[in-house]
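**Q** Build me a model from this:
(chains A and B)
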Amino acid sequence: MPKLGWRREFGTIALLAVVVIAVVGRDHRFLDPTSLNSVLLWIPLLLVVGVGEMLVIVTRGIDVSVGSILGFSGIVVGMALRSNPGMNVELAALLGLGIGLALGAVNGALVAWARVPPIIATLGTLSAFRGLVFIVSHGVQVDSNTIPPALTDWSMSGPVQIGGATISWLLLIALVVAALAAAVLRSTRFGRNVFAIGSNPAAAKLRGISLPRTLMAVYCACGALSGLAGVLYASRYGFVNPGTAGLGFELTVIAAVVIGGVNVFGGSGSVLGVFLGCLLLSVINVALAVLGISATWQTLAYGVVILLALVLDGAVQRVLRRATEAR
Amino acid sequence: MIRVLHRAEAIPAVLLVLAIAAGAMLSPYFLDTGYLLGSSRIYVETGLVSLGMTFVIVSGNIDLSVGSSVALTAGVVAKLLSIGMPVGWAWPAGIAFGALLGVFNGIVVSKLRLSSVLVTLATMAIYRGVAEVLLGPASIRLPTDFASFGNATAFGTPVPYSLILLALMAAASAVLLGRTVLGRWIYSVGTNERAAVFSGVPSGRVVTLSFILSGAFAGMGGLLVAARLGVARFDSAKGMELDAITAVVLGGASIFGGSGSILGTALALLVLAVLRIGMGVANVTQEYQLAVIGTLLVVAVAVGAIFQRPGSTD
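**A** Reported below is the predicted structural model:
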């Protein structure tokens, strides 16, 4: 099994290499620090939410409300910063985390206790939470002059410089979140329970794992991370618009997770894979810009990438199943 | 009486009465027939899409790509008309194109045995993306003799043609799902696919066909959207999948497949239409309306799940 995990991530790495070589072959500007920096700035939001989404997908669920949670947390934290100019930005990040946790708990309650199928529950809350964004903000944007520089600095500067490319605080936060998640999944009972539920819910139940409690925790975690991403969004873009913040982000996140080799039938996946999926999507995104391909192609590119990853995943699963049956 | 209440369609029927009563209390214009019929045009599009969605959900799948299919069909038809396709071909071309989008969904889901949630999430992006690449940010004008259908009413009455189309399609769908062998097959695949296969049902073809129906109805919806607005835009019908799924589930269909009916969907559609028109009259904005519909969907499914806990399926 560990060998298999290694092989899946190897596939993502190979794909990444192919894309990078193809793009650099067309235009070497892709290796300039400016492009590298934009790749590095693309990753944090995607990785933070991607880790949460991965947890959900491993348990055979899906959460399409992440973009709305991001938007809600972003707008509420933005409004808090607007009315309290002196507010500590670390406190703002915690506030975002807490707001996301609360909204994630709503999803969790629906899925774990009311037994609403995840796609229906989160499709409903996708709209409901977006509605909340408008109710709270009255449709008014949080402008860039009210976001404190201390917060926007997270995405402008960072402790490490590698050959002109900056590892921003934003990226560092995301990497810490990812490392923590990887550690929890690998070494705690909760982590093993998540995988057990995804591989075989009935067996997990028989082994005494509480399905509702674990699912609740998973949706809460996904919500909390989406909430944190709302604050990172405010840092990265410097403003929060109720209509656009996080709109359609679920698609990008699910694409990253699926490309990262997280099994869409549940039960397997790794944080490293999700990181590689995020990296690949960021590279594709910046590559589109460097190659001068219009942004109108973006949605199509994501869709194709998700479908390809699904089809490949399905094919790999079938081959593996046949191999185990033959043995 | 008790038996009537036990039918799945009872919930939307009761909700419909409540919604009409609430709407009538909120605004005196609400019960004006002309106003109700005039506003109905907007919901006819969702209605057609919901009919197709009923087949997909009863077969145990879901189609998230319908909103994008609506926009893409409208865009493709507008493009074809602008390069000289005769107006008379618009309808067959649009329906055939929508069906083609459904064929793709159906084949990927049934041949590759992938989850319809993820496949149609991908095609939702792909179809929308193709529409965006095809149309760009501009809106493409449709010829007036095509667009005139969008606002035409039948035989001097205030009843729009599009409403008559929806009624005819609903009747045809009810017969197809409730009275034919294909309909029985769709139910049996949705109830227990393995059992259906063992009893000789061609489950792959049944699933593909339900997606084709969904695509064709989305194509029809796209033609109506284009005719009503007079233009095609890549971002039209965004979020229509939410309304359609809500209508089907509110109409008593189980999201796990195997149950549901066109009558239920039709009643639930009326509930949604009355709610939306009522909120429109009361000046509730689009985003709030979405929030209400989203909440309604979740509550409807949660209530349903609590009343009929799937004991052995888990």
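**Q** Helices along the chain, start to end?
**A** Just going to use chain A. Using DSSP state H, the helices of chain A run over A:2-26, A:33-58, A:66-83, A:89-108, A:118-137, A:149-156, A:169-187, A:189-199, A:201-206, A:211-237, A:249-259, A:271-290, A:298-326.
**Q** wrong one, I was asking about chain B
**A** B:2-6, B:10-26, B:33-58, B:66-82, B:90-111, B:116-135, B:144-147, B:161-179, B:181-191, B:193-198, B:203-229, B:240-250, B:262-281, B:286-307.
**Q** Pipe those into TSV and attach mean pLDDT per row.
**A** Below are the helices of chain B laid out as TSV (pLDDT from 0 to 100):
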stretch	mean pLDDT
helix B:2-6	52
helix B:10-26	79
helix B:33-58	87
helix B:66-82	95
helix B:90-111	95
helix B:116-135	92
helix B:144-147	82
helix B:161-179	93
helix B:181-191	94
helix B:193-198	90
helix B:203-229	95
helix B:240-250	88
helix B:262-281	86
helix B:286-307	80
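**Q** Kindly reformat the ones you listed as TSV containing distance to chain A and mean neighbour count.
**A** To be clear about C-beta, it is placed using only N, CA and C from the backbone, and glycine gets the same treatment. Converted to TSV, the helices of chain B look like this (distance: least, C-beta to the nearest C-beta, whole Å; neighbours: other C-beta atoms under 10 Å in any protein chain shown):
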stretch	distance to chain A	mean neighbour count
helix B:2-6	21	8
helix B:10-26	16	16
helix B:33-58	10	24
helix B:66-82	9	27
helix B:90-111	7	22
helix B:116-135	3	25
helix B:144-147	25	14
helix B:161-179	21	17
helix B:181-191	14	20
helix B:193-198	15	14
helix B:203-229	14	26
helix B:240-250	6	28
helix B:262-281	12	23
helix B:286-307	2	19
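**Q** Throw those into a markdown table and include distance to A:Ile69, thanks.
**A** Listed next are the helices of chain B as a markdown table, based on distance: least, C-beta to C-beta, whole Å:
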| stretch | distance to A:Ile69 |
| --- | --- |
| helix B:2-6 | 38 |
| helix B:10-26 | 29 |
| helix B:33-58 | 26 |
| helix B:66-82 | 21 |
| helix B:90-111 | 28 |
| helix B:116-135 | 18 |
| helix B:144-147 | 40 |
| helix B:161-179 | 36 |
| helix B:181-191 | 32 |
| helix B:193-198 | 34 |
| helix B:203-229 | 29 |
| helix B:240-250 | 17 |
| helix B:262-281 | 24 |
| helix B:286-307 | 13 |
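**Q** Let me know which of those is the nearest to A:Asn200.
**A** helix B:193-198 (17.7 Å; C-beta to C-beta).
**Q** residue of the stretch 1-150 of chain A with the smallest distance to chain B?
**A** Nearest residue of the stretch 1-150 of chain A to chain B, counting by C-beta to the nearest C-beta: A:Gly131, 2.2 Å away.
**Q** so what's that residue closest to, chain neighbours aside?
**A** B:Ala291 (2.2 Å; C-beta to C-beta, 6 or more residues apart in numbering or on different chains).
**Q** Surely that neighbour touches A:Arg130?
**A** Yes - taking C-beta atoms under 8 Å as the definition, B:Ala291 is a contact partner of A:Arg130 at 7.0 Å.
**Q** what does the stretch 101-250 of chain A put close to chain B?
**A** Within reach of chain B by C-beta under 8 Å from any C-beta of the partner chain, the stretch 101-250 of chain A has these residues: A:110, A:114-117, A:119-121, A:123-128, A:130-135, A:139, A:201-202.
**Q** Mark which of those are buried, thanks.
**A** The neighbour count (16 or more other C-beta atoms under 10 Å in any protein chain shown) marks A:110, A:114-117, A:119-121, A:123-128, A:130-134, A:201 as buried among these.
**Q** thought B:Asn61 was touching B:Ser110?
**A** No - using C-beta under 8 Å, B:Asn61 is not in contact with B:Ser110; the gap is 9.0 Å.
**Q** Now do the shared contacts for the two.
**A** Jointly contacting B:Asn61 and B:Ser110 under the rule C-beta atoms under 8 Å, 6 or more residues apart in numbering or on different chains are B:Val207.
**Q** so how many other residues sit close to A:Gly71?
**A** 29 (other C-beta atoms under 10 Å in any protein chain shown).
**Q** Which pLDDT value belongs to it?
**A** Note on A:Gly71: pLDDT of 95.
**Q** wait, what's in contact with it?
**A** A:129-130, A:133, A:230, A:240, A:242, A:245-247.
**Q** From A:Gly52, how far off is A:Gly74?
**A** Plainly put, A:Gly74 is 16 Å away from A:Gly52 if you go by C-beta to C-beta, to the nearest Å.
**Q** same check, this time on B:Leu272
**A** Separation of B:Leu272 from A:Gly52 (C-beta to C-beta): 32 Å.
**Q** isn't B:Leu16 right up against B:Ala273?
**A** No - if you go by C-beta under 8 Å, B:Leu16 and B:Ala273 don't touch, sitting 9.6 Å apart.
**Q** Quick one: residues contacting the closest residue to chain B within the stretch 151-300 of chain A.
**A** Among the residues of the stretch 151-300 of chain A, A:Leu300 lies closest to chain B, at 2.6 Å counting by C-beta to the nearest C-beta. A:Leu300 sits next to B:125-126, B:128-130, B:132-133 when contact means C-beta under 8 Å, 6+ apart.
**Q** any idea how far it lies from B:Lys238?
**A** Separation of A:Leu300 from B:Lys238 (C-beta to C-beta): 16 Å.
**Q** now A:Leu81
**A** Distance of A:Leu81 to B:Lys238, computed by C-beta to C-beta: 30 Å.
**Q** picking up where we left off before, list just the nearest of the contacts of A:Leu300 to B:Ser254.
**A** Nearest to B:Ser254 among the contacts of A:Leu300: B:Ala125, at 27.3 Å, using C-beta to C-beta.
**Q** show me what contacts that closest one?
**A** Applying C-beta under 8 Å, 6+ apart to B:Ala125 gives the contacts A:251, A:299-300, A:302-303, A:306, B:68.
**Q** B:Ile212 now?
**A** B:99, B:102-103, B:106 are the contacts of B:Ile212 under C-beta under 8 Å, 6+ apart.
**Q** what's the answer for B:Gly183, then?
**A** Listed by C-beta under 8 Å, 6+ apart, the contact partners of B:Gly183 are B:176-177.
**Q** Let me know the distance separating it from B:Ser59.
**A** B:Gly183 is 10 Å from B:Ser59, where distance means C-beta to C-beta.
**Q** Which two of the contacts of A:Gly71 have the greatest separation?
**A** Maximum pairwise distance in those, criterion C-beta to C-beta, is 14.4 Å, between A:Phe129 and A:Val240.
**Q** Looking at the two, which is more packed in?
**A** Between A:Phe129 and A:Val240, counted using other C-beta under 10 Å, A:Val240 has the larger neighbour count: 31 against 27.
**Q** Surely the more buried one is in contact with A:Val76?
**A** No - contact between A:Val240 and A:Val76 fails when scored by C-beta under 8 Å: they sit 9.3 Å apart.
**Q** Find residues that contact each of those two.
**A** Common neighbours of A:Val240 and A:Val76, counting by C-beta under 8 Å, 6+ apart, are A:Gly230.
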